[in-house]
Every structure is written in C-alpha cells, then in structure tokens.
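**Q** Here is the input, now give the coordinates:
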Amino acid sequence: MKRAILIFVDIKITPSQVHKFRGFIGNLFKDYDLVHNHYPETGKNIYRYPLIQFKLLESNPAIIAVTDQPIEIFMEIFLNLNQINIDKLSIPVNEKDIHITDCCFGYSEDTFMYSFISPWIGLNQKNHKIYMESPDRKEKHKLLQRALCGNILSMAKGLGYWLTPDQRIRMELQVREKKVLLKGKSMLGFKGLFKTNFMIPDYMGLGKSVSRGFGTVRRII
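**A** Modelled structure (predicted):
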C-alpha cells in the first residue's frame, strides 16, 4: 500500500489545535470530500475510514494519505499550501518534509508490537457504558481487545482489504486510561502498547476521530 507523509517541520502546534489545522485545510480544499469527509451538498458526515488524516508528530502538524487517489490530492496540498491559519494567526509555511513510500499492510503470520502515540478512542457508546459499569478488570481488558480488533477490521474494510475465513487476528493489549477532549467534550481514551499479527503502516489511526489525529500508531518491534 502506498502512503505519503507531509510534515511542516518549522511549525509547532498543540494537540488541541489539530482539529483547527484539519478544518483550515478542509476549507481550503473543500472541493475534495476525501480531505474533510463531508458531503459538499449537505455538509453531513461521510462515514468511512479516512484516507487523509491530520496528525501531530513531535509537535509538528502533519498530514498522511494512503492509496493513490488521496495521494494525488495530497500532492496538490503540498504544492499549493504556503500558509496555515490557526486561531486568527497566519503562519507561513517555509519548510515541508514529504515522504512517499510503499508500506506493508494486512494479515501476517508474524506478530508486531505497536505504540499509541496519541490517545486511542476505541469504545463506542454501547461499549463505553459496559466498560464503565463493569467491576471486573479482566472483562474490561477483553472488551478493549475486542474493540481494537474491530477497529483494525474496520480500517481494513475501509481500504478494501478482507481477511479470509481462516485468518484470525491475534491481540495482546496493555493500555492505561487517559481523558481526552474531543469537540470540547471529555471522552475516555487510552495510551499504551499492543501486539497483533496485522501489519499497520506507521502513523495510521485506529478508533474514533483518526482524521483529527487520535489513535495514531507506530510500530516499535
């Protein structure tokens, strides 16, 4: 799978500004729904795995794109973006670092370890209620493992990748709770490590709001 990363190396922003960074780029390139994931006619959300995602990497704003069509749009952003407007500030873009690589993606017989470098929001409304009401730590852990497996399968489906009936995702998870703010609301996130037999390119996201930088993973082993 082809993946592109664009890092604005001379600009620093905070985690709370990532969604503003995304909003600015989305408005600037509003003709491309792959950038902002809204229907242009109605403004309603398009529910799909985001193929263009906005990140914070070492305090630098970054954009990643996966597969050919999003990378074509990504290149237009790279060529035409000369400033970023956040919180009524116009920040000139003087230096951009771009990498386009072919990455391994999908089921494997081997196991890999990943770290969440930004909080993972993995529970939906129903699972969150079960998690919060459960007194059993083991059951909570199993619930998180199932949720993460589901997130990986949803990502694979969104990228047109399907497992065969004999392919099973293995999962080991070690995370801690971390409160996060999403659209001004406090939500339950998680940071930590997981091991799985599914190959995920660095800086792709799992769970909710990956287009805003949540659930970003990086392989460590």
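
**Q** Output the longest helix belonging to the protein.
**A** Ordering each helix of the chain by length in residues (DSSP state H) puts helix 137-158 first.

**Q** mind checking how far that helix is from the chain centre?
**A** Between the mean C-alpha point of helix 137-158 and the mean C-alpha point of its chain there is a distance of 15 Å (CA atoms, centre = their mean, to the nearest Å).

**Q** So which bits of whatever helix or strand comes next after it are buried?
**A** Next along the chain after helix 137-158, taking DSSP states H and E as the criterion, comes strand 171-182. Buried residues in strand 171-182, counting neighbours by 16 or more other CB atoms under 10 Å, are found at 171, 173, 175, 178, 180. In short, each C-beta sits where N, CA and C put it, glycine included.

**Q** and of those residues, the nearest to Asn197?
**A** Set against Asn197, the nearest of those by CB to CB is Met171 (8.5 Å).

**Q** Determine the angle, from 0 to 180 degrees, between the host helix or strand of Ile25 and strand 171-182.
**A** Using DSSP H and E, Ile25 falls within helix 18-28. Angle, helix 18-28 to strand 171-182, by axes from the mean of the first three to the mean of the last three CA atoms, to 10 degrees: 80 degrees.

**Q** okay, and for this protein, where does confidence drop off?
**A** For the chain, not a single residue meets the criterion pLDDT under 70.

**Q** now the helices for it?
**A** Under the criterion DSSP H, helices of the chain are mapped to 18-28, 33-36, 68-80, 125-133, 137-158.

**Q** Let me have the ones you listed in a markdown table, extended by distance to Asp202.
**A** Listed next are the helices of the chain as a markdown table, based on distance: least, CB to CB, whole Å:
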| stretch | distance to Asp202 |
| --- | --- |
| helix 18-28 | 17 |
| helix 33-36 | 21 |
| helix 68-80 | 16 |
| helix 125-133 | 27 |
| helix 137-158 | 14 |
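
**Q** No further queries at this time; thank you.
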